[in-house]
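# coordinates only, sequence not included:
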């Protein structure tokens, strides 16, 4: 699928994210986020197809943080990059409340990007 055919706009945004695999918590940093999932860098690999949960937190300009949004996901891919791993996850079906919180999160990113660069420059647009 080409970038122009993607279902959801991607935002190049770095934020702390915690991957929860059973009782194990793996910290990472997002590379990009969309309505359908995200890509992040982590120290430890997670096998493709693994069902996990993630906690994602917004950090505002004043240093304040939002409450963690926990989302069910499935690992779509995992690859080694230098001495770390890049993981792509797809969000699973969300209940109404989590869906609304995710929409609010993405609207915040859209508003932030509108202040710093034109709206049409999502990560997908910059790499066409």
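Here it is on my side, so go on. Computed from a predicted model, the values in this text were never measured in an experiment. Numbers count the residues shown, from 1 in each chain.

# use CA for all of it now, contacts and neighbours both
Fine.

# List the contacts of the helix ranked longest in the chain.
Across the chain, the longest stretch assigned as helix under DSSP state H is helix 96-116. Helix 96-116 is contacted from outside by 11, 13, 34, 35, 58, 69, 70, 71, 119, using CA atoms under 8 Å, 6 or more residues apart in numbering.

# pLDDT check: weakest of the residues you listed?
Among the contacts of helix 96-116, residue 119 has the lowest pLDDT, at 37.

# buried residues in the longest helix of the chain?
Across helix 96-116, burial judged by 16 or more other CA atoms under 10 Å covers 102, 105, 106, 109, 110, 113.

# Tell me which residue is most central in this structure.
For the chain, the residue nearest the mean C-alpha position is residue 38 (3.1 Å; CA atoms, centre = their mean).

# That residue and residue 12, how far apart?
As judged by CA to CA, to the nearest Å, residue 38 and residue 12 stand 10 Å apart.

# Same check on residue 64?
Distance of residue 64 to residue 12, given as CA to CA: 20 Å.

# out of the two, which sits in the busier spot?
Between residue 64 and residue 12, residue 12 has the larger neighbour count (other CA atoms under 10 Å), namely 19 against 9.

# which stretches of this protein form strands?
For the chain, the strands defined by DSSP state E cover 11-12, 16-21, 24-33, 37-42, 51-56, 69-81, 84-91.

# Distance to residue 98 for those strands - can I get that in JSON lines?
Output for those, formatted as JSON lines (distance: least, CA to CA, whole Å):
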{"stretch": "strand 11-12", "distance to residue 98": "19"}
{"stretch": "strand 16-21", "distance to residue 98": "16"}
{"stretch": "strand 24-33", "distance to residue 98": "15"}
{"stretch": "strand 37-42", "distance to residue 98": "13"}
{"stretch": "strand 51-56", "distance to residue 98": "12"}
{"stretch": "strand 69-81", "distance to residue 98": "7"}
{"stretch": "strand 84-91", "distance to residue 98": "11"}
